[in-house]
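>>> Here you go, sequence then predicted model.
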Amino acid sequence: MSMQQTLPLPGVAPERTGGYRRDHLLVAEMVRPGSRVLDVGCGDGELLQLLESRGIDGRGIELSREGVNGCVAKGLAVVQGDADTDLVNYPDDAFDYVILSQTLQATRQPKVVLENLLRIGQRAIVSFPNFGFWKMRLQLLIGGHMPRTENLPASWYDTSNIHFCTIKDFVELCEQINVKMERAVALDLYGRPVPLNLPWWVWNMFGEQGVFLLSRGGKGK
């Protein structure tokens, strides 16, 4: 089954969705067309390109010079910056959405970064690899070594990821800082959503990654 059939996106031509990552397609689905978006840790700009194909005004911030150069070469509005130190320079409510895709675990102060996302944007979308995924637990339990997966291929000594968390950890952090979870999706090993009506512990066990749409204030799933 193709990605577009699994996660259809109204208003996006089929040739523009082919080859995109499943989590990127889900993130794009969460953003309303015409919105102003900041993509923090935008990498090679793949997600920004997908968003712009939906008529979204996208901006990016990326730590690596190679990533910035690649994005600029594609005509994307991206500047070099660090999520840990540079988000404080953005004014309140500067964007409709601020996205942190597969970057939370690489930040030095995840809690502060999350608070800044929701200060800068009216909503935040955060995705991250779930360290509670069953394959990771098995590698620790049976193999006795730090887990490595397709999403996390680097060895423990050369990875940029310094703050691993589980879906359960992230939910507890959102509750602690009074963040509302407007939508939460766990994607399994094949990029398929884990059924919504299952309890959190199932998501924590079988979700390879979590994708959350957040806003300020309140609690709830």
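Thanks, I have the structure now.
>>> quick one, helices of the protein?
3-6, 14-17, 22-30, 46-52, 65-73, 83-86, 110-120, 134-138, 167-176, 200-206 (DSSP state H).
>>> got a list of contacts for the longest one?
Same thing as helix 110-120. Helix 110-120 is contacted from outside by 38, 40, 83-84, 87-88, 90-95, 98, 100, 104, 107, 124, 126, 163, 165, 173, 177, 179, 214-216, using C-beta atoms under 8 Å, 6 or more residues apart in numbering. Using the backbone N, CA and C atoms, a C-beta is placed for each residue, glycine as well.
>>> switch the cut-off to 6 Å
Defining contact as C-beta atoms under 6 Å, 6 or more residues apart in numbering, one finds that helix 110-120 is touched by A83, L87, Y90, D92, A94, F95, V98, L104, T107, A124, H163, R216.
>>> As JSON lines, those with distance to G75 would be great.
Formatted as JSON lines, the contacts of helix 110-120 follow (distance: C-beta to C-beta, whole Å):
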{"residue": "A83", "distance to G75": "23"}
{"residue": "L87", "distance to G75": "24"}
{"residue": "Y90", "distance to G75": "22"}
{"residue": "D92", "distance to G75": "29"}
{"residue": "A94", "distance to G75": "22"}
{"residue": "F95", "distance to G75": "20"}
{"residue": "V98", "distance to G75": "21"}
{"residue": "L104", "distance to G75": "27"}
{"residue": "T107", "distance to G75": "28"}
{"residue": "A124", "distance to G75": "25"}
{"residue": "H163", "distance to G75": "33"}
{"residue": "R216", "distance to G75": "33"}
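>>> taking the residues you listed one by one, which sit in strands?
F95, V98, A124, R216 (DSSP state E).
>>> deepest of the helices of the chain, which one?
With neighbours taken as mean count of other C-beta atoms under 10 Å, the helices of the chain reach their highest mean count in helix 46-52, at a mean of 22.
>>> So which elements touch that helix?
Judged by 3 or more C-beta pairs under 6 Å, 6 or more residues apart in numbering; DSSP states H and E, helix 46-52 is in contact with helix 22-30, strand 36-40, strand 57-62.
>>> Alpha carbons of stretch 126-134, as PDB, please.
Extracted C-alpha coordinates of stretch 126-134, given in PDB (Å, rounded to 0.1, in the frame of the first residue of the first chain):
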ATOM      1  CA  VAL A 126       6.400  17.300  18.200                       C
ATOM      2  CA  SER A 127       7.600  13.900  16.900                       C
ATOM      3  CA  PHE A 128      10.200  11.700  18.500                       C
ATOM      4  CA  PRO A 129      11.500   8.100  18.600                       C
ATOM      5  CA  ASN A 130       9.900   6.100  21.400                       C
ATOM      6  CA  PHE A 131      12.600   4.600  23.600                       C
ATOM      7  CA  GLY A 132      10.000   2.300  25.200                       C
ATOM      8  CA  PHE A 133       9.400   0.500  21.800                       C
ATOM      9  CA  TRP A 134       9.500  -3.300  22.300                       C
END
